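Enquirer: What would the 3D arrangement of this be:
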Amino acid sequence: MKALFALLTLMPLITLAQPPAWKPNRPVELIIGAAPGGANDRIGRTLQRLLQNGHVDTINVLNKPGGGQSIAFAYLNNQSGNPHYLGLASSSWLTTVAAGRGTVTPRELSPIIKLLDEYQMYFVRADSPITNARDIVERLRKDPASVSFGISTAAGNPIHISVAEMARLAGVEPTKLKVVVFNSGTDTAIQVAGGHLDIGVQSPGSAMQLTQSGKLRFIGVAGPRRHTGALAKIPTMREQGVDVIANVFYTIFGPRGLDEAQLAFWDNALAGVMKSDAVKKDLDFNFWTVETIGHRELPAFLEKEMERYRRTLIALGMVK
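Expert: Numbers count the residues shown, from 1 in each chain. Model prediction:
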């Protein structure tokens, strides 16, 4: 009984000795590997607004485009052990890594949470003679050099893979395609609207404004189902007999060396805001699908996805 009494007496002291849960104590920098205006930037700005509403005092967004997001993650990699730096990656960066390009891989960082999925749209200039997905295939079959595509933010990414799959359906080598890579989806949309490219493949939000103004026209959804709301009448590419998918998902990383308390804080905070009522308007407007994966399960998921990308790139002749 004396031993039990002594233990009970010490328990409050043991509890008091435990370190408090970690939280940011200075401004946080969120690094975006793309130019302002595109899908990556819109997601980053949304996170900035949501997290500053009760989770973090100050978040500064830093755009560092180039190198298929590799420049941004080389910068993040230099902040080892500092939980006040975060990087937003689209799955385009994972294909850059899977293709053997870039100097940093997810294994050298701290994966925190997969946030959402975004099924891309094929679109053309409003007065384009291309009216549906089959038209694209037929034009490629007749002359692959007669069709130009615009994508972002890296060659060999999920969007590029989708275009390469379309070429294969047309019986054309993917290497014969004319594909131009931009630093943001908004840049792609502007080039297509200006008549400099035939087809853009980007997020719905990147082309929405120019579509609503009558300068662009959506052809199809590169996803398993139609979008809802304003895009409910746009058929999927599969509905049109062209079985191609272009899904881009977004993940938050920290620099290497973060501890469990730091990872748990960011995981919980980000999962919370993505499931809150405050983000619903953004989800509906941008046609984002929230499917989170936390920091414990995320590394295995990323490894699996990178291996899948690499196999696809090899099969399409885009990586040796």
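Enquirer: Tell me which helix or strand G272 sits in.
Expert: G272 is part of helix 260-274 when elements are defined by DSSP states H and E.
Enquirer: again, but for E29
Expert: strand 28-32.
Enquirer: what are the pairing partners of that strand, and which direction each?
Expert: strand 59-63 (parallel), strand 85-90 (parallel) (DSSP bridges).
Enquirer: Of these, which stretch is the most buried?
Expert: Mean neighbours per residue, mean count of other C-beta atoms under 10 Å, is largest over the strands paired with strand 28-32 for strand 85-90, with a mean of 26. Every residue, glycine included, has its C-beta placed from N, CA and C.
Enquirer: does the nearest residue to F265 once chain neighbours are set aside sit in a helix, a strand or a coil?
Expert: Of all residues not flanking F265 in the chain, W22 sits nearest, at 5.4 Å (C-beta to C-beta, 6 or more residues apart in numbering). Per DSSP: H, G, I helix; E, B strand; the rest coil, the secondary structure class of W22 is coil.
Enquirer: Skipping its backbone neighbours, what lies nearest S92 in space?
Expert: Nearest non-adjacent residue to S92 (C-beta to C-beta, 6+ apart): N157, at 3.5 Å.
Enquirer: what does P129 give?
Expert: That would be D135: by C-beta to C-beta, 6+ apart, it lies 7.5 Å from P129.
Enquirer: How about S184?
Expert: S184 sits nearest to G38 (C-beta to C-beta, 6+ apart), 2.9 Å away.
Enquirer: Let me see the contact set for that neighbour.
Expert: Contact analysis of G38 by C-beta atoms under 8 Å, 6 or more residues apart in numbering lists 152-153, 183-187, 202-203, 206.
Enquirer: Which of those sits closest to A98?
Expert: Of all the contacts of G38, A98 sits closest to T153, with 14.9 Å by C-beta to C-beta.
Enquirer: What's the per-residue pLDDT of that closest one here?
Expert: On the pLDDT scale, T153 is placed at 81.
Enquirer: thought it was touching T188?
Expert: No. T153 is beyond contact range of T188, at 9.7 Å (criterion: C-beta atoms under 8 Å).
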